[in-house]
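Visitor: Provide a 3D model corresponding to the input given below.
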Amino acid sequence: MYIRKTERHYKGKTYTNHLLVESVVTPKGPRQRTICSLGSLEPAPRQDWLRLARKLEASLHGQLALEKEAPAVEVESRPRPSSLLTVDTDAVETKDHREAGPVHVGHQMWRQLGLDEILDRAGFNRRACLLTEAMTLNRLIFPLSERAMPDWIRRTALGEILGADFSELQEDSLYRHLDRLHPNREPIERELAESEKTLFGLEETIFLYDLTSTYFEGQAERNGQAKRGYSRDHRPDCKQVVVGLVLDGDGFPKAHEIFEGNRQDRSTVEEMLGVLEKRTGRKPGTMVVVDRGMAYREDLEQIQAHGMHYLVAGRQTERNAWLAEFESEEGWQDVIRSSSDWNPYQEKTQVRVKRMEKEGEVWVLCLSDGRREKDRAIREKQEARLIGDLEKLRERVGKGRVRKAGKIHEAIGRLKERYPRVARYYEIDYKVEGKKVFWQQDAAKKAVAEKLDGGYVLRTDRPDLTAETLWRTYMLLTRVESAFRSMKSPLLERPIFHQLESRTQTHIFLCILAYHLLAAIEKRFLDRGFHTSWWTLREQLSTHQVSTIVLPLSDGRVLNIRKGGSPESIHKKISVLSSYKLNKSNWLPSSGIDS
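Guide: Numbers count the residues shown, from 1 in each chain. Now for the predicted structure:
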């Protein structure tokens, strides 16, 4: 640091000011950054300015002198150059504390992905770019509604980091910005996927597709897509929309689409393939991995019609056809999946796989000890619930609460739909003569179900791949499940309070943008062998703040210095692992904030 004298001429008068400045390195070369203004007072003889600047710097960073001296920062006053003004250390205070760490890391990744340039090409002005980033970072760091978001922005150092004034920002501006974003979702998503591909060297040889549901609070009567359907959130009482998401093999989003809340999984495949082609272009020879809900023949034909290969999990009826092979001890291969494969929190998994070929397709039979216990627990739980509901139905019929045979058969049919895993090995009927509901277990079918606990099958049209490769590729589908979990918590995609269809879609789009940042940050750490989550990083970074240091001078004036806290060891470690190349001078950008 050093002291610089400046002069300004106005209406024939000369105004002198002294600034405490420091040199910083920027992409455009060395620049000077003002730490504080000392006003028009003469700090000291010019030859002593450098010494005084260094003393001020040491005081600001809490460094103690080797020799004992008065606890004061000394500057000379204007009337008498030889006299000194002191700072009353007992009255020193800090104010306007703002969280900076998580916001800064999110902003740095935003810049690395080139999102400002992407938004600029989409026709957004500077203010629109700032609002988009602010709303996305809110979802990444501390998700709130548009109503509460302006106050959160003002409680952080986001305005100082972006060099923007959010003091007058209101919720109406954010709602209007949702409407501005809506028609630009596709080009933004397309360019962002291409930017990530270049930045991280991603390969587009595998696409992972799955769906989830997101529910509404309220009736959402003005949203045509809000309907009741199968709720993966266990909220059948609420209207919902279905979100389809495509990731690449590294877990980065490639495309997403919003469907009606009652849309069947299998009916979305053709539409989603079209959306994927618009986002990434036609990718012949790539493999699409989907779950068993989209494993019907017409779905597989649609994938092949786009020039792609498929890898799917077979349905229960298809699994049952391989019972003899499951019972046979020949041809099995042990495969171990450890946490290093991708997810550090995934327990080590051992499965047995067997490769079979049938009618031009490759089938992989899989047996998992861990899944066997899970399947057994689910089956026994559903069986107990089925018997309990049948007992209740029998009681209702016996008391005459349900009399018509048609209604009783409808109730039986609903129970079979509710518990398909176990209802298939029960014979359930209603005898009109005795007016009694009865059921009987089919021991042979139940024995088959017990033998297949922990077993599942995969099918593909890739005959060149081994059983282990196919199984490991299918396991990548858990990355979509992880993405959905991240979007719902900690990004808090649900519940949705928007009533308009367009704003609902844009709300989900902002969650997707936030997930892009989350995936990119975690990828940085994973590439360096450091397994962590954004949730952990966010908590560790939250201790880095910016505040104003208030120094009362003996002549009644007050010196306010805006400073960022010195990075702690964990902050420096994060900066190294995340490749932000931060140092003391650019932990925060040159907006007057420094660490």
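Visitor: Tell me the helix or strand right after the lengthiest strand in the chain.
Guide: If you go by DSSP state E, the chain has its longest strand at strand 13-26. Sequence-wise, the next helix or strand downstream of strand 13-26 (DSSP states H and E) is strand 29-39.
Visitor: ok, so what distance separates residue 234 from residue 336?
Guide: The spacing between residue 234 and residue 336, counted by Cβ to Cβ, to the nearest Å, is 33 Å. Every C-beta, even on glycine, is put in place using the N, C-alpha and C of the backbone.
Visitor: Per the annotation, how does this protein divide into domains?
Guide: As given by automatic domain parsing, the domain ranges for the chain are 2-93, 322-465.
Visitor: OK, contacts around the residue most central in space within the chain?
Guide: The residue lying closest to the centre of the chain (Cα atoms, centre = their mean) is residue 515, at 3.1 Å. If you count contacts by Cβ atoms under 8 Å, 6 or more residues apart in numbering, residue 515 has them with 253, 483, 486-487, 491.
Visitor: Kindly recompute the last result at 10 Å.
Guide: By Cβ atoms under 10 Å, 6 or more residues apart in numbering, residue 515 lies in contact with 136, 139-140, 245, 247, 251-253, 256, 483-484, 486-487, 491, 493, 534.
Visitor: Return the subset of those lying in helices.
Guide: Using DSSP state H, the subset of the contacts of residue 515 located in helices is 136, 139-140, 483-484, 486-487, 534.
Visitor: Where does the nearest residue to residue 365 once chain neighbours are set aside fall, secondary structure wise?
Guide: Closest residue to residue 365 apart from its sequence neighbours, by Cβ to Cβ, 6 or more residues apart in numbering: residue 354 at 4.4 Å. Per DSSP H and E, residue 354 falls inside strand 349-358.
Visitor: quick one on the thing from earlier: so can I have CSV of the domains of the chain showing distance to residue 541?
Guide: Shown next, in CSV, are the domains of the chain (distance: least, Cβ to Cβ, whole Å):
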stretch, distance to residue 541
domain 2-93, 21
domain 322-465, 19
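Visitor: Determine which of those shows the lowest mean per-residue pLDDT.
Guide: Note on the domains of the chain: lowest mean pLDDT is at domain 2-93, with a mean of 65.
Visitor: Residue 481 reaches residue 212, doesn't it?
Guide: Yes - using Cβ atoms under 10 Å, residue 481 is in contact with residue 212, at 8.4 Å.
Visitor: more crowded one of these two?
Guide: Under the neighbour definition other Cβ atoms under 10 Å, residue 481 and residue 212 were set side by side, and residue 212 has more, 21 against 13.
Visitor: In three-state terms, how would the more buried one be classified?
Guide: Assigned by DSSP: H, G, I helix; E, B strand; the rest coil, the conformation of residue 212 is strand.
Visitor: partners of it in the sheet?
Guide: With DSSP bridges applied, residue 212 shows beta-bridge pairing to residue 243.
Visitor: Next: residue 547.
Guide: The residues that residue 547 bridges to, once DSSP bridges is applied, are residue 563.
Visitor: can you check residue 247 too?
Guide: Beta bridges link residue 247 to residue 208, residue 253, judged by DSSP bridges.
Visitor: begin at 59 from here
Guide: Sounds good: first residue 59 from here, last item residue 305.
Visitor: and it, what is it in contact with?
Guide: 264-268, 311-314, 347, 534-535, 537-538, 540-541, 573, 577.
Visitor: ok, now residue 310?
Guide: 250-251, 254-255, 258, 260, 262, 537, 541, 573-574, 577-578, 581.
Visitor: Most neighbours of all the residues you listed, which one?
Guide: residue 573 (26 neighbours).
Visitor: angle of whatever helix or strand residue 421 lives in against strand 407-416?
Guide: Secondary structure from DSSP H and E places residue 421 in strand 419-426. Put simply, strand 419-426 runs at 150 degrees to strand 407-416, going by axes from the mean of the first three to the mean of the last three Cα atoms, to 10 degrees.
Visitor: And strand 419-426, what does it pack against?
Guide: Applying 3 or more Cβ pairs under 10 Å, 6 or more residues apart in numbering; DSSP states H and E, we find strand 419-426 packed against strand 367-371, helix 374-378, helix 381-385, strand 391-395, strand 407-416, strand 513-518, helix 525-533.
Visitor: make it 6 Å
Guide: Identification of packing neighbours for strand 419-426 by 3 or more Cβ pairs under 6 Å, 6 or more residues apart in numbering; DSSP states H and E yields strand 407-416, strand 513-518, helix 525-533.
Visitor: Now do the second one and strand 407-416, the angle between them.
Guide: Just to be clear, that refers to strand 513-518. Calculated by the same axes, to 10 degrees, strand 513-518 forms an angle of 50 degrees with strand 407-416.
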